[in-house]
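**Student:** I need the structure of the sequence given here:
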Amino acid sequence: MQLRRIIFATLFSVMAVAAVSKSAAAQSTNCTASQQAAVQCFVANAVTTKLTQPRYGMTLAQFEAYGVAVNNILQTHHTYLMLVSVSSAIADAMPPTNSNGSANQAAQDLAVTQAVDAAISNQLANTAAGVTLQDLQWFSLDITNAMNDNNGVMAMLTPGVALRIIDSYVVTGTTNGTVDWTTVDASLSTAVDNFIASGMMKVPGMITTAELKTFVITLAHVISDYKVSTNRKTL
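**Tutor:** Coordinates of the predicted model:
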């Protein structure tokens with residue numbers, strides 16, 4: 001199954017990313033010299049055996065650097081969890097299609113990168129040594145694209161339910177196609193307060209309630225942009 005194959009590759013620090021074909025034997029890297037060297041050799045071997053597919057126009061050196069970055073991301077714990085959660089939610093609730101079923105990968109990709117930016121801006125995810133914002137975006141795009149091919153499992157697990165709840169506030173605050181953002185933002189802020197007060201939502205120690213609210217409100221705007229792009233009324 002394609003999803004399992006790509007996720008398996010992710011866990012070993014490579015996603016289906018861009019590279020140019022080059023034999024690992026031709027490299028001078030000592031594959032056991034360090035964790036970074038081991039990842040670089042694995043990436044080169046993955047390219048040679050066609051485990052990966054060209055993505056993002058990377059050179060082999062850039063591809064290897066990305067492999068090292070992914071390895072670092074997988075060791076960041078809360079950042080890795082946040083990115084996977086966002087990716088699975090978007091794959092479920094915001095597919096790469098228009099309302100009529102035609103393809104619109106750009107709409108989903110934009111939603112992913114905007115969501116990652118919001119997570120970073122509000123401390124829900126962080127860059128680490130050797131990891132850039134671009135790496136986090138690529139990683140999330142790779143995860144989302146892998147999860148798009150899910151044979152209906154996403155519809156059963158519904159990881160996008162939080163996005164649909166946020167969208168319900170956008171729908172309620174929309175009149176004749178125009179969103180009253182003052183009302184929507186205020187309603188979402190109150191909703192977060194209510195969820196926290198009821199114990200249904202807990203604020204992680206590394207962020208403030210204000211940052212959580214900003215993240216949720218930003219997601220509402222991301223959802224609205226996605227719906228406009230795909231001509232959807234709701235998620």
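**Student:** so what secondary structure elements neighbour the helix ranked longest in the chain?
**Tutor:** In the chain, assigned by DSSP state H, the helix with the most residues is helix 209-230. Packing contacts for helix 209-230, counted by 3 or more Cβ pairs under 8 Å, 6 or more residues apart in numbering; DSSP states H and E, involve helix 105-121, helix 161-172, helix 181-198. Backbone N, C-alpha and C define where each C-beta goes, glycine included.
**Student:** what's the angle from the first one to helix 161-172?
**Tutor:** Inter-element angle recorded for helix 105-121 and helix 161-172: 100 degrees (by axes from the mean of the first three to the mean of the last three Cα atoms, to 10 degrees).
**Student:** out of the helices and strands packed on helix 209-230, deepest packed?
**Tutor:** helix 105-121 (a mean of 20; mean count of other Cβ atoms under 10 Å).
**Student:** What angle do helix 209-230 and that one make with each other?
**Tutor:** Between helix 105-121 and helix 209-230, the angle comes out at 170 degrees (the same axes, to 10 degrees).
**Student:** In CSV, list the C-alpha atoms belonging to helix 105-121.
**Tutor:** The C-alpha coordinates for helix 105-121 follow below in CSV (Å, rounded to 0.1, in the frame of the first residue of the first chain):
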residue,chain,number,x,y,z
GLN,A,105,-3.6,20.2,-5.0
ALA,A,106,-2.5,23.8,-4.6
ALA,A,107,-5.4,24.6,-2.2
GLN,A,108,-4.5,21.8,0.1
ASP,A,109,-0.8,22.6,-0.1
LEU,A,110,-1.4,26.2,0.8
ALA,A,111,-3.6,25.2,3.8
VAL,A,112,-0.7,22.9,5.0
THR,A,113,2.0,25.6,4.8
GLN,A,114,-0.3,28.2,6.4
ALA,A,115,-1.2,25.8,9.2
VAL,A,116,2.5,25.0,9.8
ASP,A,117,3.4,28.7,9.9
ALA,A,118,0.6,29.3,12.4
ALA,A,119,1.8,26.4,14.6
ILE,A,120,5.4,27.8,14.6
SER,A,121,4.3,31.4,15.2
